[in-house]
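Novice: fold the stuff below for me.
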Amino acid sequence: MGKDLKNWNPEDPAQWEATGKVIAARNLWISIPALLCGFAVWLYWGIITVQMINLDYGFTQAELFTLTAIAGLSGATLRIPSTFFIRLAGGRNTIFLTTALLLIPSAGTAVILQNPDAPLWQFQLMALLSGFGGGNFASSMSNISFFFPKKVQGYSLGMNAGLGNFGVTTMQILIPLVMTVGMFGGTSLVLQNTSGTLIGRIPAGTETFLHNAGFIWVAILIPVVIATWVGMNNIRDEYVSPNIGSPIAAFAKIIGMLAIGLVMAAAGLWLMLPENAGGSGWNVSKWLVLPGVVAATVFALKLIPGPIHDSLERQYKIFNNKHTWAMTVIYTMTFGSFIGFSAAFGLAIKVIFGFQHIMVDGVMTHTTVNADGPSALMFAWTGPFIGALIRPVGGMIADKLGGALVTQIVSVVMVVAAIGVALCMKLAYGSETPEEFFIPFLILFLILFAATGIGNGSTFRTIAVVFDREQTGPVLGWASAIAAYGAFIIPQVLGEQIRATTPEIALYGFAVFYGVCIVLNWWFYLRPGAYVKNP
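Specialist: Numbering: from 1, shown residues only. The predicted model follows:
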């Protein structure tokens with residue numbers, strides 16, 4: 001319990017059966033709740049912002065969309081340094097510290113939510129620090145990849161990612177419930193609009209404790225942080241974490257590299273955001289800024305001198321492998337879609353179906369509250385729930401049928417579902433009774449979420465087979481880092497298209513991207529003479 005491991009070889013059947021299976025399982029089952037909390041804190045702005053509208057905090061919809069986008073970009077950027085933590089700092093040290101850091105945005109968010117007059121920049125700062133939770137996925141997946149043999153990588157990584165992703169669903173169910181009770185004290189606020197929970201509507205005029213959205217994670221995180229330190233292990237072998245030093249030295253490496261990621265994310269956000277939202281006002285295109293943030297982060301990390309530089313040089317060899325780039329794009333299709341839709345789903349339901357879209361003096365308006373509209377908080381959890389629940393299943397199917405084949409099938413499903421969702425959005429956003437289109441919208445979106453989950457599980461299998469055991473972890477971390485920008489891009493693109501009154505255009509664009517991934521997956525892994533046949 002908690003000791004460092006040496007001569008770890010899960011591919012040795014005798015060692016695996018004697019001691020390896022138990023140790024690996026213990027690390028996995030501690031890793032899962034830690035990752036679950038990371039996802040919850042990273043993406044809880046998608047639920048908090050819905051309730052901020054219902055409580056009339058005084059921010060515009062565009063300003064609230066910046067909070068989900070900031071958290072998305074921050075979390076994605078922090079995955080870049082997190083990709084390399086395990087070799088530099090060890091699995092136990094990394095998971096302990098990165099989970100403990102979640103206490104900062106959780107407590108900070110709880111405090112500022114008690115003041116509806118707090119300036120936007122305070123919420124934006126907490127959204128930026130919520131990115132700690134997003135970054136944790138890269139290090140968590142990299143760490144777990146070293147504990148299990150290749151024959152069950154689809155299952156083990158699918159379990160870690162799938163159940164870890166339940167943080168999104170858990171958060172979407174738990175936060176609306178705990179907001180109804182003054183369990184952590186503090187001053188209540190009064191709903192200005194109808195809200196809801198998993199079990200029903202909450203009428204306007206009801207007392208609400210929105211700050212519980214932060215405090216509940218402080219309460220959950222404390223025992224989880226303790227468990228990571230007591231029950232997890234560092235693997236001190238050459239191909240995993242050979243020279244991590246003391247825990248204090250390991251923590252210093254992690255904090256320094258995370259600081260670089262935060263600075264780069266903040267710089268990118270400043271370039272993109274309008275002046276009234278704390279940005280430069282230059283409105284630099286995200287399609288220019290995001291590659292710049294990625295490149296600048298990778299380059300800045302490489303400038304760190306000493307052993308960190310030497311370790312990163314070794315791990316950066318993944319960038320010389322064409323499969324790294326192919327799998328990054330394919331992985332982005334699955335996980336990037338899942339995480340982006342998870343961040344935007346609740347707010348999209350609120351904006352598209354929670355208001356009537358009616359002509360006033362010859363102009364289409366979208367500000368009249370729809371009394372018959374569905375409650376976003378009653379349904380926002382359903383998509384992430386299905387996408388996360390089915391991910392281990394995708395991994396297990398891929399272990400039997402091959403990762404690339406499963407990915408190809410779900411890619412086609414994603415194209416069809418995305419086009420269907422787009423059509424429903426178009427009809428709803430031009431209707432006085434948008435709720436008439438909600439059921440087909442919801443069903444098609446749930447199919448889309450399920451496909452992303454199965455496909456994400458199958459990509460774990462493909463990566464584990466294509467790469468050797470030293471590169472599998474860093475590739476998983478890198479691919480997940482790039483894919484995580486979906487948590488920024490999708491809310492941003494969807495928000496832009498909603499403001500342009502054409503939300504369907506966003507989904508059509510995603511469908512085109514999925515089509516490109518179908519071709520790429522076929523070329524690399526399914527065509528006759530493929531580089532690696534159906535890994």
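Novice: what's the end-to-end length of stretch 89-106?
Specialist: Stretch 89-106 has an end-to-end distance of 25 Å (C-alpha to C-alpha, to the nearest Å).
Novice: list the buried residues in it.
Specialist: By neighbour count with 16 or more other C-beta atoms under 10 Å, stretch 89-106 contains the buried residues 89-103, 105-106. All C-beta spots, glycine's among them, are computed from the backbone N, C-alpha and C.
Novice: in stretch 388-404, what's buried?
Specialist: Within stretch 388-404, the residues that qualify as buried are 388-399, 402-404, counting by 16+ other C-beta under 10 Å.
Novice: same thing with stretch 460-472?
Specialist: Buried-residue list, stretch 460-472, by 16+ other C-beta under 10 Å: 460-467, 469-472.
Novice: CSV for those residues, including secondary structure and distance to F215?
Specialist: Compiled in CSV, these are given as follows (DSSP: H, G, I helix; E, B strand; the rest coil; distance: C-beta to C-beta, whole Å):
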residue, secondary structure, distance to F215
F460, helix, 34
R461, helix, 39
T462, helix, 41
I463, helix, 37
A464, helix, 39
V465, helix, 43
V466, helix, 44
F467, coil, 41
R469, helix, 41
E470, helix, 41
Q471, helix, 41
T472, helix, 38
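Novice: from these, pick the one nearest F437.
Specialist: Proximity of the buried residues of stretch 460-472 to F437 (C-beta to C-beta) peaks at F460, which lies at 35.0 Å.
Novice: find the nearest non-adjacent residue to A417, please.
Specialist: Take A417 and drop its neighbours on the chain: the residue closest to it by C-beta to C-beta, 6 or more residues apart in numbering is L448, 4.0 Å away.
Novice: again but with V181, I slipped
Specialist: In space, V181 is closest to F209, 6.8 Å off (C-beta to C-beta, 6+ apart).
Novice: next, count neighbours for the one you found.
Specialist: Neighbourhood size, F209 [other C-beta atoms under 10 Å]: 22.
Novice: could you give the backbone dihedrals for it?
Specialist: phi -110, psi 80 (degrees, to the nearest 10).
Novice: ok, and for the one helix or strand A138 maps to, which residues are buried?
Specialist: Using DSSP states H and E, A138 sits in helix 120-145. Buried residues in helix 120-145, defined by neighbour count with 16+ other C-beta under 10 Å: 120, 123-145.
Novice: now the phi/psi pair for F147, please.
Specialist: The phi/psi pair for F147 (degrees, to the nearest 10) reads phi -90, psi -20.
Novice: which ones are touching it?
Specialist: For F147, the contact set (C-beta atoms under 8 Å, 6 or more residues apart in numbering) comprises 8, 10, 23-24, 27-28, 156, 235.
Novice: if we ignore the residues flanking it in sequence, what's nearest the spatially most central residue of the chain?
Specialist: Central residue of the chain (C-alpha atoms, centre = their mean): I339, 4.4 Å from the mean position. Computed as C-beta to C-beta, 6+ apart, the closest residue to I339 that is not its neighbour in sequence is A487, at 4.6 Å.
Novice: report the contact partners of the one you found.
Specialist: Contacts here follow C-beta under 8 Å, 6+ apart; on that basis A487 touches 42-43, 68, 71-73, 75-76, 134, 336, 339-340, 342-343.
Novice: quick one, phi psi at V190?
Specialist: Note on V190: its backbone torsions stand at phi -110, psi 130 [degrees, to the nearest 10].
Novice: how about it, what does it touch?
Specialist: 55, 205-208.
Novice: do G261 as well
Specialist: 74, 77-78, 80-82, 131, 135, 297.
Novice: low pLDDT regions in this protein?
Specialist: 1 (pLDDT under 70).
Novice: thinking again about what came up before, now do the buried residues in the helix or strand that contains the residue nearest to I339.
Specialist: Element membership for A487, per DSSP H and E: helix 486-499. Burial within helix 486-499, assessed by neighbour count using 16+ other C-beta under 10 Å, is assigned to 486-498.
Novice: and T60, how many residues sit next to it?
Specialist: 12.
Novice: can you check the one 4 residues further on too?
Specialist: Using other C-beta under 10 Å, L64 is surrounded by 24 other residues.
Novice: excluding chain neighbours, what is closest to it?
Specialist: Here the residue nearest L64, using C-beta to C-beta, 6+ apart, is T49, at 4.2 Å.
Novice: same question, N143
Specialist: G91 (3.9 Å).
Novice: same check on G495?
Specialist: F65 (4.0 Å).
Novice: what backbone torsions are found at Q172?
Specialist: phi -70, psi -30.
Novice: that one against P384, yeah?
Specialist: Yes - here Q172 lies in contact with P384, judged by C-beta atoms under 8 Å, at a distance of 6.5 Å.
Novice: more neighbours, the two?
Specialist: Legend: neighbour count by other C-beta under 10 Å for Q172 and P384, higher for P384 (31 against 28).
Novice: what segments of the stretch 251-400 of the chain are strands?
Specialist: 355-360, 363-369 (DSSP state E, counting those that start in this stretch).
Novice: now mean neighbour count and distance to I248 too, for those strands, in TSV please.
Specialist: Shown next, in TSV, are the strands of the stretch 251-400 of the chain (neighbours: other C-beta atoms under 10 Å; distance: least, C-beta to C-beta, whole Å):
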stretch	mean neighbour count	distance to I248
strand 355-360	15	53
strand 363-369	12	54
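Novice: of all those strands, which one comes closest to N165?
Specialist: Comparing the strands of the stretch 251-400 of the chain by C-beta to C-beta, strand 355-360 comes nearest, at 29.8 Å.
Novice: one step back: the helix holding A487 to helix 120-145, inter-axis angle?
Specialist: 140 degrees (axes from the mean of the first three to the mean of the last three C-alpha atoms, to 10 degrees).
Novice: measure how whichever helix or strand comes after helix 486-499 sits relative to helix 486-499, angle-wise.
Specialist: Using DSSP H and E, the next helix or strand after helix 486-499 towards the C-terminus is helix 504-525. Angle, helix 504-525 to helix 486-499, by the same axes, to 10 degrees: 150 degrees.
Novice: buried set for helix 504-525?
Specialist: So, applying 16+ other C-beta under 10 Å, buried residues of helix 504-525: 504-508, 510-511, 513-515, 517-518, 520-521, 524-525.
Novice: for these, which one is nearest T365?
Specialist: E504 (18.7 Å).
Novice: how about the helices in the stretch 101-250 of the chain?
Specialist: 103-112, 120-145, 153-164, 166-178, 212-231, 247-272 (DSSP state H, counting those that start in this stretch).
Novice: between the strands of the stretch 251-400 of the chain, which gets nearest to G453?
Specialist: strand 355-360 (30.1 Å).
Novice: do you know how far W229 is from R26?
Specialist: Computed as C-beta to C-beta, to the nearest Å, the W229 to R26 distance reads 13 Å.
Novice: no wait, L494
Specialist: For L494, the distance to R26 - C-beta to C-beta - is 40 Å.
Novice: check G477 too.
Specialist: Taking C-beta to C-beta, one finds G477 at 22 Å from R26.
Novice: and these two? Which one has more around it.
Specialist: Between G477 and R26, counting by other C-beta under 10 Å, G477 is the more crowded of the two (28 against 16).
Novice: if we can go back for a sec, in contact with the residue nearest to L64: list those residues for me.
Specialist: Counted by C-beta under 8 Å, 6+ apart, T49 has contacts 64-65, 67-68, 347.
Novice: picking that back up, out of the contacts of V190, list just those in strands.
Specialist: 207-208 (DSSP state E).
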